[in-house]
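[1] No letters, just coordinates:
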């Protein structure tokens, strides 16, 4: 096992305390040569090295070095004694995880725009600060969703050909565009994003738009030609789009997932529905901090569309986000430390 930064300092200090204090200075405090404990942060997944380097400048880091979701047992075993946790949306940070971490835990940071996967109320009760990524403007995400929907429709129907200029079809009088305009679009999720998507659809000439947060009578599922999944404000929305829901859709229905972090979608069932032809096509937005689950499998399907982007742009976005959230985590750790010193 590799020695931690603290263990290395301690061994050198015990061997020759005076010389080490004089040459190193930090993290030892001269002249008493007391060891300054470095905060410990647990990272639940492999993140870009640039973000990890930010943490390593100040902290000791433990990490689940894999692209796959860390098993619950792995998280519970490795959060013991840490000061901070850096997680992703698929990691459930519950009271059980907080208990395992211990009372010294100060910050839980997530590479996500929301904190639905974190027990925020329990964190606040324990004095643990929760840090999230800066929200992406709803306008941008809504426009990406519309672009993905139109691109998916175009690729799933080879006879359609159209071009958008400034958010509007250049050939609005063409038969192909008129065919799209007659489609019924269902928007699931009366969130800011869902409402904005519905508004843009109407602005570009699509009059038949349904929007709902809870589809109790299955009208949105059964009647829509295109369904845009834009999150949900309902607490009971986890994996609403599973096999049962997908089987209620039209055989030629097209499903658009606005963000890969949407917990309303069961991606295993979505893959099966696309593979078996139970729905016509799907469009997935992969321009996020966490990639689409089972993306490799979806790429093997001929009826699944991703927003065009280079691997360089994907890495660039994730690098910037990981650096930003790592810096925010360090700031939060420092704020809590100062507050504790003031109280003492």
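    Structure received. All of these numbers come straight from a predicted model, not from anything done at the bench.
[2] Quick check: the gap between the spatially closest residue to residue 219 that is not a sequence neighbour and residue 49.
    Nearest non-adjacent residue to residue 219, counting by C-beta to C-beta, 6 or more residues apart in numbering: residue 210, 7.0 Å away. Heads up, the C-betas are built off the backbone N, CA and C, glycines and all. Going from residue 210 to residue 49 by C-beta to C-beta, to the nearest Å gives 45 Å.
[3] what helix or strand does the closest residue to residue 80 other than its chain neighbours sit in?
    Of all residues beyond its chain neighbours, the one nearest residue 80 is residue 100 (5.9 Å), with distances taken as C-beta to C-beta, 6+ apart. Assessed by DSSP states H and E, residue 100 sits inside helix 95-101.
[4] still on that earlier bit, ok, now which ones touch the residue nearest to residue 219?
    184, 185, 186, 187, 219, 220, 223, 224 (C-beta atoms under 8 Å, 6 or more residues apart in numbering).
[5] hmm, 7 Å instead?
    Going by C-beta atoms under 7 Å, 6 or more residues apart in numbering, residue 210 touches 184, 186, 187, 219, 220, 224.
[6] Next, it: phi, psi?
    In terms of degrees, to the nearest 10, the main-chain angles of residue 210 are phi -100, psi 140.
[7] Mind listing what's buried along stretch 90-107?
    90, 91, 93, 97, 98, 100, 101, 105, 106, 107 (16 or more other C-beta atoms under 10 Å).
[8] any idea whether the closest residue to residue 267 other than its chain neighbours is helix, strand or coil?
    Using C-beta to C-beta, 6+ apart and skipping residues adjacent in sequence, the residue nearest residue 267 is residue 293, 4.3 Å away. Classification of residue 293 into helix, strand or coil gives coil, according to DSSP: H, G, I helix; E, B strand; the rest coil.
[9] Can you tell me how far residue 293 is from residue 286?
    Separation of residue 293 from residue 286 (C-beta to C-beta): 11 Å.
[10] Check residue 94 too.
    From residue 94 over to residue 286 (counting by C-beta to C-beta), the distance is 28 Å.
[11] what's the answer for residue 58, then?
    32 Å.
[12] Need the per-residue pLDDT for residue 173.
    Residue 173 is assigned a pLDDT of 55 by the prediction.
[13] And residue 323, by the same measure?
    91.
[14] rewinding a little: please, a ChimeraX command that selects the buried ones among the contacts of residue 210?
    Selection of buried members from the contacts of residue 210 for ChimeraX, criterion 16+ other C-beta under 10 Å:
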select :184,186,187,220,224
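[15] Go through the contacts of residue 210 and flag which are in strands.
    Within those, residues falling in strands by DSSP state E are 186, 187.
[16] Save the contacts of residue 210 as TSV, and put in pLDDT and distance to residue 338 too.
    Formatted as TSV, these follow (pLDDT from 0 to 100; distance: C-beta to C-beta, whole Å):
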residue	pLDDT	distance to residue 338
184	94	56
186	94	50
187	93	45
219	88	54
220	90	50
224	94	53
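[17] quick one: the helices in the stretch 1-150 of the chain?
    Assigned by DSSP state H, counting those that start in this stretch, the helices in the stretch 1-150 of the chain fall at 5-15, 17-24, 49-56, 72-78, 95-101, 120-125, 138-156.
[18] which one of the ones you listed has the lowest average pLDDT?
    What stands lowest among the helices of the stretch 1-150 of the chain, in mean pLDDT terms, is helix 17-24, with a mean of 36.
[19] Distance-wise, check residue 324 relative to residue 132.
    11 Å.
[20] ok, now residue 207?
    Taking C-beta to C-beta, one finds residue 207 at 37 Å from residue 132.
[21] repeat for residue 255
    27 Å.
[22] For the two, indicate the residue with more neighbours.
    residue 255 (28 against 17; other C-beta atoms under 10 Å).
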